[in-house]
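1. Compute the structure for the input listed below.
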Amino acid sequence: MRTVTLKSSLYLLVGISAVAWIALAYFNGLDLSKAKDFFRLVPKVVTIDLLVVAVFIKWGWKFKIFRGWLVPFPNLNGSWVGLIYSDWKNPEIGEKPPPIPVMLTVNQSFFHISCMMYTSEMESSSYSEGFLIEPDRQIKNIAYSYTSKPRLSLNARSVPHDGTAVFKIIEKPKQKLVGRYWTERLTKGEIVLQYHSKEILEELPEELGEHPVKEDENRR
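-> All right, here's what the predicted structure looks like:
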């Protein structure tokens, strides 16, 4: 896939350069069959190429028309909300908690992606991220490792820890991220997220509800 997109990028850049060369020669009354006129346009063509590349990297890669043949990964920017289904058992009652409301925010550019996950009890920030896109094998995943920092008042039952999450990216018929996670606390579970908004929220929406294990003294 990367080979295909690299070839497509090179072909597209060569095409843009050729069009720029011909257009500049036409409007400046130059003859490209003459070496002097041909090489005289090199700085201007390179400048146009760099401008096109800069605009593409900043905005263009997000357009669906480039997906697949030029941009192998989807645009996941925004906020996603859903539920965590954890295998953690409450030591006081020996039972798993009900599903936990959660929000994932994704900040993505052409070269970088970062993920933040929020519940009403903790924040998790990614430090290593990547896509696994293999259309021929029908694989479309994003994975990241993260550090989770629970609220200070909850350290008695929830300590800071690292973990890894892997999501399957579903775009049809509805945008979803369906994944699993595991932590160094030896807990694991599943996460199901729906696309919520383009805006990257900084706090869990109130309508999602509280953490099901939250004690009364920790509600704020």
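2. Point out the other helices and strands that the helix or strand harbouring residue 47 packs with.
-> For residue 47, the host element (DSSP states H and E) is helix 42-58. On a contact count with 3 or more CB pairs under 8 Å, 6 or more residues apart in numbering; DSSP states H and E, helix 42-58 meets helix 2-28. (C-beta placed from N, C-alpha, C; glycine too.)
3. how far out from the middle of the chain is whatever helix or strand comes next after the helix it packs on?
-> Sequence order places helix 35-40 as the next helix or strand after helix 2-28, per DSSP H and E. Averaged C-alpha coordinates place helix 35-40 at 44 Å from its chain's average position (CA atoms, centre = their mean, to the nearest Å).
4. For residue 171, grab phi and psi.
-> phi -110, psi -20 (degrees, to the nearest 10).
5. i'd like the first residue to be 57 from this point on
-> Let's use 57 as the start, then, which means that last one is residue 227.
6. Pull the number of nearby residues for it.
-> Close neighbours of residue 227, defined as other CB atoms under 10 Å, add up to 12.
7. and it, how far is that from residue 158?
-> Taking CB to CB, to the nearest Å as the measure, residue 227 falls 20 Å from residue 158.
8. if we can go back for a sec, can you state the direction angle for the helix holding residue 103 and helix 58-84?
-> 130 degrees (axes from the mean of the first three to the mean of the last three CA atoms, to 10 degrees).
9. what does the helix or strand just after helix 98-114 rub up against?
-> Heading C-terminal from helix 98-114, the first helix or strand you meet, by DSSP H and E, is strand 134-142. The contact list for strand 134-142 (CB atoms under 8 Å, 6 or more residues apart in numbering) reads 152-153, 155-162, 175, 233, 237, 243-257, 261, 264.
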